[in-house]
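Undergrad: Just a sequence and a predicted model for now, questions to come.
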Amino acid sequence: MRLLVPLLAALALLAAGPAAAGAANPWMAKVGTKPLSSAAAAKKVKRHGWEPRPQNAKANRRVPTASQLRIFRRRSDMPYKADVDGRFRGNTDDILEWTAIKWGIDHDLVRAVAAVESWWDVRTLGDGGDSFGLFQMRRPYHCCLPFMQQASAFNADYWGAIIRSYYDGKHPWLNTVERAEEYRAGDLWGSIGVWASGRWHLGKSDSYVAQVKDYLKRRVWEQPNFVGR
């Protein structure tokens, strides 16, 4: 009976969705790590066939056209824009895993942030209708409509790129505005928080990070109330 209980618990987690070890201690590849190509990252994705958000199907299949990517790269000032293309199709969790692999970010951390931002529902609109998709890209700060809203993988790819650029120290302007401490490379939680606050360890950054940590600890994507919402 002692052996049966842990086994049943493990099976329950697998039934809820893909699990990963070490969720409580998220990691990020070292500063300056170059992203994989979209194709190389796609080959590493372990497709589980698990889809808690079937309503995302159309957006999960859509990728930007070459013309749309040219518009994005012309208008965006993001440091790693040349590496963002959203060239991946799969279930919602596949897209999150692909993003994690491509940009060297802990898989479960990506899942937790997407849960905070949109509960994994690409139809989510925030900030009075100005924020879109899995990671709530917000106009006018991020480019470009309509594909930032309509293509799940582009939305996630963009988020991965901007988090990586924060982590790599590519945003020295953060030290020219109000901040709680000096911006520096290699600060994982500072990089996660600035996505929400626009400032380094300031404003709603701490409360946002606390929510991400809570979702990560509880692995909300494996809980019964997550599926089918």
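TA: That came in fine, so what should we check first? Numbering: from 1, shown residues only.

Undergrad: Ends of stretch 130-145, what's the gap?
TA: Across stretch 130-145, the terminal residues are separated by 11 Å (Cα to Cα, to the nearest Å).

Undergrad: Return the set of buried residues in it.
TA: By 16 or more other Cβ atoms under 10 Å, the buried positions in stretch 130-145 come out as S131, F132, G133, L134, F135, Q136, M137, H142, C143, C144. For the C-beta atoms, the positions are set from N, CA and C on the backbone; glycine is no exception.

Undergrad: And the pLDDT for G126?
TA: As predicted, G126 sits at a pLDDT of 78.

Undergrad: start at 310 instead
TA: Will do, 310 is the new start, and the previous item becomes G435.

Undergrad: For burial, what's the neighbour tally of it?
TA: By other Cβ atoms under 10 Å, 14 other residues sit near G435.

Undergrad: State the distance from the closest residue to it other than its chain neighbours to K353.
TA: Closest residue to G435 apart from its sequence neighbours, by Cβ to Cβ, 6 or more residues apart in numbering: Q445 at 5.0 Å. Note on Q445: its distance to K353, by Cβ to Cβ, to the nearest Å, is 26 Å.

Undergrad: Quick one: distance of the lengthiest helix in the chain to the chain centre.
TA: The longest helix of the chain (DSSP state H) is helix 461-476. Helix 461-476 sits 7 Å away from the centroid of its parent chain (Cα atoms, centre = their mean, to the nearest Å).

Undergrad: Going by secondary structure, W509 is in what exactly?
TA: If you go by DSSP states H and E, W509 is not part of any helix or strand.

Undergrad: How about it, nearest residue that isn't a chain neighbour?
TA: R488 (4.2 Å).

Undergrad: residues contacting that neighbour?
TA: R508, W509, H510, L511 (Cβ atoms under 8 Å, 6 or more residues apart in numbering).

Undergrad: picking that back up, my read: the residue nearest to G435 touches T433, true?
TA: Yes: using Cβ atoms under 8 Å, Q445 makes contact with T433 at a distance of 6.8 Å.

Undergrad: between these two, what contacts are shared?
TA: With Cβ under 8 Å, 6+ apart as the test, Q445 and T433 both reach E426, S427.

Undergrad: Neighbours of G495, how many?
TA: 13.

Undergrad: mind checking pLDDT for it?
TA: We have a pLDDT of 98 for G495.

Undergrad: who touches it in this structure?
TA: Applying Cβ under 8 Å, 6+ apart, the residues near G495 are V340, Y476, G478.

Undergrad: For those, which single residue is the most surrounded?
TA: Y476 (26 neighbours).

Undergrad: Skipping adjacent residues, who's closest to that one in space?
TA: S500 (4.4 Å).

Undergrad: Quick check: that neighbour touching G478?
TA: No: between S500 and G478 there is no contact under Cβ under 8 Å: 9.8 Å.
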